[in-house]
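Asks: sequence first, then the predicted structure:
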Amino acid sequence: MAEGKLEKIKILAYNNPDYADSHQVGAPFTALINPEAYVLDYKVEFTEGQGHGTSAATQRFNVKKPEEMSFEFLFDCTGIIDGKPKASVHDDVEDFKKLLLEFDSSSHEPKHFKLVWGNFIFKGRCNALTITYKLFNPDGSPIRAVCKAGFKGSIEETLRVATENPQSPDLTHYRVVKQGDTLPLMCFLIYGDSKYYVQVAKANKLYNFRHLQQGTELFFPPISKINNR
């Protein structure tokens, strides 16, 4: 068994998706006790197009959906866990609900969150919250509750761009013609091969592609579409 200080899961809130320390809002939420488990859900969506009279179809990649995760957080005011009994968990649960779902006053949208548990870090936004009250005082006030919170992952824009490699020849590109640019050269820089300049000229309806006008925006289709043609 690993030795050391017990790390409790924390939720840090931000009003900007860059998750910079300067954009952190409010105090971090620290769980009363750590969850027994958490669920990570990954999904990839494909487009299925099967031709008439064929027996099977190739699934074509459409989009990789953001990962999702869910935790269950326990709220208890009996004093059994922390030795601090209270009359009700209602206020603690309401504060937790506001943290996850209430609009931030500066960004006018729900907050971004960083969940930290030891070396585990998850960044995203809350997309679901289910509250179950499980134990009550004689007067009906709840003294124990379980909040199941779901989060949808997000990634900083700079990291997303680096991960996706937007220079890929299988993506659509738009380029503005600069001084000295030629269509074969631009095709080489995007596709890694200058031979596609005729197809790109046709896609942009260029009648004189040997003399590109500086400042013109050109459309470069994915290389897969060019090859299909």
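Replies: Yep, it's here.

Asks: packing partners for the helix or strand in which L40 is found?
Replies: Taking DSSP states H and E as the criterion, L40 maps to strand 39-41. Packing partners of strand 39-41 (3 or more CB pairs under 8 Å, 6 or more residues apart in numbering; DSSP states H and E): strand 68-76. For every residue, glycine as well, the C-beta is placed using N, CA and C.

Asks: count the residues that sit near E217.
Replies: 9 (other CB atoms under 10 Å).

Asks: which strands border the following helix or strand past the strand holding L40, and is each parallel or antiparallel?
Replies: The helix or strand immediately downstream of strand 39-41 is strand 44-48, counting by DSSP H and E. Pairing partners of strand 44-48, with direction, according to DSSP bridges: strand 59-64 (antiparallel).

Asks: mean confidence for the partner strand?
Replies: Here strand 59-64 scores 68 as its mean pLDDT.

Asks: one more: stretch 36-53?
Replies: 77.

Asks: try stretch 86-99
Replies: On average, stretch 86-99 scores 95.

Asks: in it, which residues are buried?
Replies: The neighbour-count check on stretch 86-99 (16 or more other CB atoms under 10 Å) flags S88, V89, H90, D92, V93, F96, L99 as buried.

Asks: I'd like the distance from stretch 9-24 to the chain centre, please.
Replies: How far stretch 9-24 lies from its chain's middle: 14 Å, per CA atoms, centre = their mean, to the nearest Å.

Asks: now do stretch 181-197
Replies: 34 Å.

Asks: thinking S70 is in contact with A128, fair?
Replies: Yes - with contacts counted by CB atoms under 8 Å, S70 reaches A128, the gap being 7.5 Å.

Asks: and those two? which has more neighbours close in?
Replies: Just comparing S70 and A128: by other CB under 10 Å the higher neighbour count belongs to S70, 18 against 13.

Asks: the spatially closest residue to H90 that is not a sequence neighbour: neighbouring residues, count only.
Replies: Nearest in space to H90, with sequence neighbours left out and distances taken as CB to CB, 6 or more residues apart in numbering, is P142 at 6.1 Å. If you count neighbours by other CB under 10 Å, P142 ends up with 18.

Asks: gap between P142 and V93?
Replies: 8 Å (CB to CB, to the nearest Å).

Asks: and if you look at Y196?
Replies: 60 Å.

Asks: name all residues that make contact with I121.
Replies: K114, L115 (CB atoms under 8 Å, 6 or more residues apart in numbering).

Asks: typo on my end, it should be V25
Replies: So V25 contacts A13, Y14, N15, D104, S106, K111 (CB under 8 Å, 6+ apart).

Asks: filter these down to the buried ones and hand me the ChimeraX line.
Replies: Buried members of the contacts of V25, defined by 16+ other CB under 10 Å, are picked up in ChimeraX with:
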select :13,14,15,104,111
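
Asks: for the contacts of V25, give me CSV that also has secondary structure, pLDDT and distance to L74.
Replies: Listed next are the contacts of V25 as CSV, based on DSSP: H, G, I helix; E, B strand; the rest coil; pLDDT from 0 to 100; distance: CB to CB, whole Å:
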residue, secondary structure, pLDDT, distance to L74
A13, strand, 96, 20
Y14, strand, 94, 25
N15, coil, 92, 28
D104, coil, 86, 26
S106, coil, 82, 31
K111, coil, 94, 22
